[in-house]
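# I would like to see how this sequence folds:
(one chain, ligands or ions: 1)
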Amino acid sequence: MAIRKIARMGHPVLRRVAAAIDDPSAPEIAALARDMIETMKDANGAGLAAPQVYEPVRLVMFEAPAARAGSDDPLESCPFTILVNPEIEILGPEMAVDWEGCLSVPGLRGLVPRHTHIFYRGLDLQGRTVAREAVGFHARVVAHECDHLDGVLYPQRMRDLKDLVFETEWRHHLPQRESVPND
Ligand code: NI
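All right, here's what the predicted structure looks like:
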């Protein structure tokens, strides 16, 4: 296992559409996932997508712990999850804004609108289907990670770049929640 270097905004690997994975149970995918877990933990992230470690394939990992989600409702929170070839379906028109951070956009925070209610589906590393409904923080984390697979970073989702701020200033000056994870 190894901690991988994290790609930063501007690198081409973060701007392209990642390729589908043919065999989720292939040894090289398991090895990539192990490295990503170690990298995500080292960086204290709530999620990570393979392009962020320079691997342009459709694999994401994330968690929405009850403490961060503000609820232990399984719609709003979820255990650590790895998804291969994830797909998102939007379940309603409602959107909400909240602060996000990203390990590939270090030192910044932004206010990002996201759909509040989604359904997502993908495969685990054994090739079994994972399918869940998600709302709130849970939905936000999944949408953020899946955006990475399509070459989208959260600033591209923002409505007003006035709300793209340095983390240090955000901590001092802006109304906020306890913490916002880096994804
Ligand atoms: Ni991110």
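
# averaged pLDDT, stretch 66-83. What do you get?
This predicted structure assigns stretch 66-83 an average pLDDT of 91.

# buried stuff in that stretch?
For stretch 66-83, burial by neighbour count (16 or more other Cβ atoms under 10 Å) applies to 68, 69, 71, 74, 75, 76, 77, 78, 81, 82, 83. The way it works is simple: take the backbone N, C-alpha and C, and place the C-beta from them, glycine included.

# now residue 47: how far from residue 168?
In this view, residue 47 and residue 168 are 22 Å apart by Cβ to Cβ, to the nearest Å.

# and the two? Which one has more around it.
Shown here are residue 47 and residue 168; by other Cβ atoms under 10 Å, residue 47 has more neighbours (26 against 10).

# so the more buried one bridges to which residues?
residue 62 (DSSP bridges).

# please apply the same query to the one 10 residues further on.
Taking DSSP bridges as the rule, residue 57 bridges to residue 19.

# likewise residue 101?
Applying DSSP bridges to residue 101 yields these beta-bridge partners: residue 182.

# just to check, it is in contact with residue 166?
No - Residue 101 is beyond contact range of residue 166, at 11.0 Å (criterion: Cβ atoms under 8 Å).

# which of the two has more residues huddled nearby?
The neighbour comparison of residue 101 against residue 166 (other Cβ under 10 Å) goes to residue 101, with 23 against 12.

# and the gap between that one and residue 39?
Distance from residue 101 to residue 39, counting by Cβ to Cβ: 16 Å.

# for the protein, give the residue positioned nearest to the ion.
Residue nearest to the ion within the chain: residue 102 (3.2 Å; Cβ to the ion).

# how many neighbours does that residue have?
Around residue 102 there are 29 residues (other Cβ under 10 Å).

# per-residue confidence for it?
Looking at residue 102, its pLDDT is 98.

# contact partners for residue 132?
By Cβ atoms under 8 Å, 6 or more residues apart in numbering, the contact set of residue 132 is 74, 78, 119, 120, 121.

# alright, calling it a day.
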